[in-house]
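[1] structure for the following, please:
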Amino acid sequence: MLDIIQVLPLADTIFKDIMSHGGKVYIVGGTVRDFVLSQMNHQPLNSKDMDLEIYHLSFDELKNILSHYGKVNTYGKSFAILGLNTLPGYDFALPRKERKTGNKHQDFDVMIDSELPLEKAVERRDVTMNALMYDYENHQIIDLVGGINDIHHHIIRMVNPQTFQEDPLRILRIANFVARFEMRVDYQTQHYCQIMIKQGMLKDLSIERVYEEYKKILMSSHPSLGFQFLKDIDALPSYLKNLINCSQRKDYHPEGDVFNHTMLVLDLAATCKQYSHYPEAFMWSALLHDIGKPSVTNEQGQALQHELAGLDVFKEVDLISNKKMREYIKVMIHYHMYLFILARGKSRDMKYLKFLKKIDCINDGGCFCLEDLMLLSMCDYFGRGYHDMKQYEAFLDYMDDKIDRLGNKAWEPIVTGKDLIANGFENHQRYKELLDKAYHMQLQRMSKEKIIELLKRDERKRIHG
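    Just a heads-up that it's a prediction; the model follows:
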């Protein structure tokens, strides 16, 4: 190797101390994989976390050495993993064998074996590129299953068919590897994934674990690859699976069905997510923006009011539990076409300002931004086989003009409930209606005094006829 894996100075001191006591230090897992990728792509290694396996020492011996450098924490089902408060991100594990005991992701018996042969140790790894080991003493990569060759050929291949099938989470991990590293899955590995899907093994995973893998796919550089893999092995949830073969008008969507369109939108969103105010929720919105189409699409490929239907389907998306994120996504699904509709109709200031107020009322969490909706609208527009640049330029001109003159947030009301109380409006049950009227008049550029005067006049007419 031309380079070595760099570690923090404290880590180097600890590793040398471990070796002086007869231990053997191996860096394992993603760090070694990323090191090989960085060399192949001539890029620096950016790895904050590091997994280590320590051989030829007992648990107590390793813990005693680490205790000289900070507070030792133990975790994992068998407490075979140790960490130091002074070295965050570094996990020290002892070699172990695992035996499947149930259907869930964590249903394993763990047996520590500090003298476990390396050939046996790598068998519990999921894919070959994650089975690489880095001998820290000799600065040498140990590759027992052809991981480096698979990395160079952009192939994801399971290490051992028997152990691979013991953990259904590996199906989703492969999908996120496909998206993150833009690799393909070899035939045998894909075949075993399909067998696991047919056996219903994904149902044994917790929502939290599934969410985390979906998040990694969505936050990758090419998320459509991950979802295409899940499509190929029939592992998509129903609200995404229904997008497949849902036809669209060919004059507007020559790219094909709604799933194809969604994948194009998703990859475009990945290129600009860093400009959004809530990147993770933005990517979920790109994935889910058209989930209402299958339920309303007619024979001609028209999907009238699919944005409203999408809100109903979104109720079935149980992966997302964060209330703030759900509110953001609901606004994006509901209004992902609305800004283009405003621009095409050259809508007046009042309609634009009413829209700002509407989304402000919906967005209780305060996490939604008009600019994010603009970004999604543009991804949606270009995520199809047909687009008119004049229409797009007209959209930008319209939005630039409105934002420049009127702002990007709803105007603060100049008449409040306190003003109604101070001016003698006694019927509190009518306050909402009165405040709505007041806000409408405010958008017509009326002063506060004029608004109060008109409200009083209308109330006198209502009471006295």
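[2] flag every buried residue along the helix or strand where residue 18 lies.
    Element membership for residue 18 (DSSP states H and E) is helix 9-20. Neighbour-count burial for helix 9-20 flags 11, 14-15, 18 (criterion: 16 or more other CB atoms under 10 Å). The way it works is simple: take the backbone N, C-alpha and C, and place the C-beta from them, glycine included.
[3] now do the end-to-end distance for stretch 425-434.
    Using CA to CA, to the nearest Å, the end-to-end distance of stretch 425-434 comes out at 9 Å.
[4] report the mean per-residue pLDDT for it.
    Stretch 425-434 comes out with an average pLDDT of 90.
[5] and it, how far from the chain's centre?
    44 Å (CA atoms, centre = their mean, to the nearest Å).
[6] count residues in the vicinity of residue 200, would you?
    10 (other CB atoms under 10 Å).
[7] sorry, wrong one. I was asking about residue 141.
    Residue 141 sits with 17 neighbouring residues when counted by other CB under 10 Å.
[8] residue boundaries of the strands in the stretch 1-150 of the chain?
    Using DSSP state E, counting those that start in this stretch, the strands of the stretch 1-150 of the chain run over 24-28, 50-55, 72-75, 81-84, 90-93, 96-100, 108-112, 133-135, 140-142.
[9] closest to residue 180 out of the ones you listed?
    The closest of the strands of the stretch 1-150 of the chain to residue 180 is strand 50-55. By CB to CB, the value is 17.4 Å.
[10] for the closest one, packing partners?
    The helices and strands touching strand 50-55, judged by 3 or more CB pairs under 8 Å, 6 or more residues apart in numbering; DSSP states H and E, are strand 24-28, helix 30-40, strand 90-93.
[11] please redo it, this time with the cut-off set to 6 Å
    Under the contact criterion of 3 or more CB pairs under 6 Å, 6 or more residues apart in numbering; DSSP states H and E, strand 50-55 touches strand 24-28, strand 90-93.
[12] I'd like the ones you listed as JSON lines, with mean pLDDT, mean neighbour count and distance to residue 241 appended.
    Compiled in JSON lines, those are given as follows (pLDDT from 0 to 100; neighbours: other CB atoms under 10 Å; distance: least, CB to CB, whole Å):
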{"stretch": "strand 24-28", "mean pLDDT": "96", "mean neighbour count": "21", "distance to residue 241": "36"}
{"stretch": "strand 90-93", "mean pLDDT": "94", "mean neighbour count": "22", "distance to residue 241": "37"}
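[13] which stretches in the stretch 151-300 of the chain count as helices?
    For the stretch 151-300 of the chain, the helices defined by DSSP state H, counting those that start in this stretch cover 161-164, 169-181, 187-198, 207-218, 223-232, 238-241, 258-272, 279-288, 293-296.
[14] hey, least reliable of those helices by pLDDT?
    Lowest mean pLDDT within the helices of the stretch 151-300 of the chain: helix 161-164, at a mean of 91.
[15] and it, how far from the chain's centre?
    Distance, centroid of helix 161-164 to centroid of chain: 28 Å (CA atoms, centre = their mean).
[16] list every C-alpha atom in that helix, with coordinates, as PDB.
    Only the C-alpha atoms of helix 161-164 are listed here, as PDB (Å, rounded to 0.1, in the frame of the first residue of the first chain):
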ATOM      1  CA  PRO A 161     -24.900 -17.300   1.900                       C
ATOM      2  CA  GLN A 162     -25.800 -19.000   5.200                       C
ATOM      3  CA  THR A 163     -24.800 -16.200   7.500                       C
ATOM      4  CA  PHE A 164     -26.100 -13.500   5.100                       C
END
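[17] name the residues that touch that helix?
    Identification of contacts with helix 161-164 by CB atoms under 6 Å, 6 or more residues apart in numbering yields 123-124, 158, 192.
[18] so which of these comes closest to residue 316?
    Nearest member of the contacts of helix 161-164 to residue 316, counting by CB to CB, is residue 192, at 28.9 Å.
[19] sweet, I'm off.
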